[in-house]
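[1] Provided below for reference: sequence and predicted model.
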Amino acid sequence: MSRMKSVTTLALVLGLAVASMAYGQGSTSGSTETKPAAPATHAKSATKVAAVAKCDINSASKEELMKVSGIDDATADKIIAGRPFKTKGALVAKGIVSKEAYAKLSAHIIAKKAAAATTAK
């Protein structure tokens, strides 16, 4: 029983060490997204990684857009001027970003449907 408890404790400590190392290797580009930790080898030592919200290109402010790796000041201005977007792929179709740049930032953005304007009668 004691050996089983020490193995479980060791697995938990190793899982936390791996998670902290993975977190420490995150991007320093200002992105708010964190990288998930490596999968744990023991079921009891698994840790949950909080989901990070993606940046909505239809409603995000210029500052929020610039937090996404690959979006600079000029690109953020182009995104805001080109709104609304039906899909995030429209950034390439409208010539706002290149295919290469889109490949890097597409995992960090979404294009929610713009709320339909309602008029009271």
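    Yep, it's here. Numbers count the residues shown, from 1 in each chain.
[2] Quick check: which element contains residue 59?
    Assigned by DSSP states H and E, residue 59 falls within no helix or strand.
[3] what separates the residue nearest to it when sequence neighbours are not counted from residue 58, distance-wise?
    Nearest residue to residue 59, sequence neighbours excluded (Cβ to Cβ, 6 or more residues apart in numbering): residue 112, at 6.8 Å. Every C-beta, even on glycine, is put in place using the N, C-alpha and C of the backbone. Per Cβ to Cβ, to the nearest Å, residue 112 is found 6 Å from residue 58.
[4] Which of these two has more residues huddled nearby?
    Under the criterion of other Cβ atoms under 10 Å, the comparison of residue 112 against residue 58 puts residue 58 first, with 18 against 13.
[5] okay, now the residue lying closest to residue 87 once chain neighbours are set aside: neighbour count?
    Distances taken as Cβ to Cβ, 6+ apart put residue 111 closest to residue 87, at 5.4 Å, once the chain neighbours are dropped. Counted with other Cβ under 10 Å, residues neighbouring residue 111 total 19.
[6] and residue 111, what does it touch?
    Each residue near residue 111 by Cβ atoms under 8 Å, 6 or more residues apart in numbering is listed here: 56, 57, 58, 85, 86, 87, 88, 90.
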